[in-house]
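Novice: Fold the following, please.
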Amino acid sequence: QVQLVESGGGLVQAGGSLRLSCAASGGTFTSSEMGWYRQAPGKEREFVASTTWGGGSSYYAMYADSVKGRFTIFRGTAKNTVYLQMNSLKSEDTAMYYCNVKLPAAWGQGTQVTVSS
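Specialist: Numbering: from 1, shown residues only. Presented below is the predicted three-dimensional model:
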């Protein structure tokens, strides 16, 4: 059974930084797309960023327009961990952040990010 465990959320002032981590277990994730989504109160869950295997040891990243240039997604050495480095945080980044794996499909339990203005 695939399990995703997120960590790294918290309270930060606007302009600050946080790094989220997601560790996957119960499968092989080297070639699986892994990413982050977020959901703010009263809003639908939205895509934030993803990292997709490009063959060999290469991965390419995709970002929502709202986070381009501020967030960076990357894999750990073991490829079963994905990180989201969030810089220049804004109050509108406040949300529950969820880790996602496409195959096998799984979601983490979420980690709260709150940005105070």
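Novice: If you average the pLDDT over stretch 22-40, what comes out?
Specialist: Averaged across stretch 22-40, the pLDDT comes to 94.
Novice: any idea which residue sits dead centre in the chain?
Specialist: Taking CA atoms, centre = their mean as the criterion, residue 36 is the residue nearest the geometric centre of the chain, at 3.1 Å.
Novice: where's that residue relative to residue 50, distance?
Specialist: Going from residue 36 to residue 50 by CB to CB, to the nearest Å gives 8 Å. No exception for glycine: its C-beta is placed from N, CA and C like everyone else's.
Novice: any shared contact partners between those two?
Specialist: Common neighbours of residue 36 and residue 50, using CB atoms under 8 Å, 6 or more residues apart in numbering, are 73, 100.
Novice: May I have the distance across stretch 50-64, first residue to last?
Specialist: Stretch 50-64 has an end-to-end distance of 9 Å (criterion: CA to CA, to the nearest Å).
Novice: no wait, stretch 102-113
Specialist: End-to-end distance for stretch 102-113, by CA to CA: 23 Å.
Novice: Next up, the contacts around residue 89.
Specialist: 12, 14, 15, 16, 17, 18, 70, 113, 115.
Novice: and if you look at residue 73?
Specialist: By CB under 8 Å, 6+ apart, residue 73 lies in contact with 35, 36, 49, 50, 51, 61, 63, 82, 83, 84, 85.
Novice: Give me the nearest residue to residue 50, chain neighbours excluded.
Specialist: Among residues not flanking residue 50 along the chain, residue 35 sits closest, at 3.2 Å (CB to CB, 6 or more residues apart in numbering).
Novice: got it, and residue 76?
Specialist: In space, residue 76 is closest to residue 83, 6.7 Å off (CB to CB, 6+ apart).
Novice: so which helix or strand takes in the one you found?
Specialist: Per DSSP states H and E, residue 83 falls inside strand 81-86.
Novice: Please apply the same query to residue 59.
Specialist: Per DSSP H and E, residue 59 falls inside strand 58-63.
Novice: What separation do you get for residue 21 and residue 65?
Specialist: Where residue 65 is concerned, residue 21 sits at a distance of 24 Å (CB to CB).
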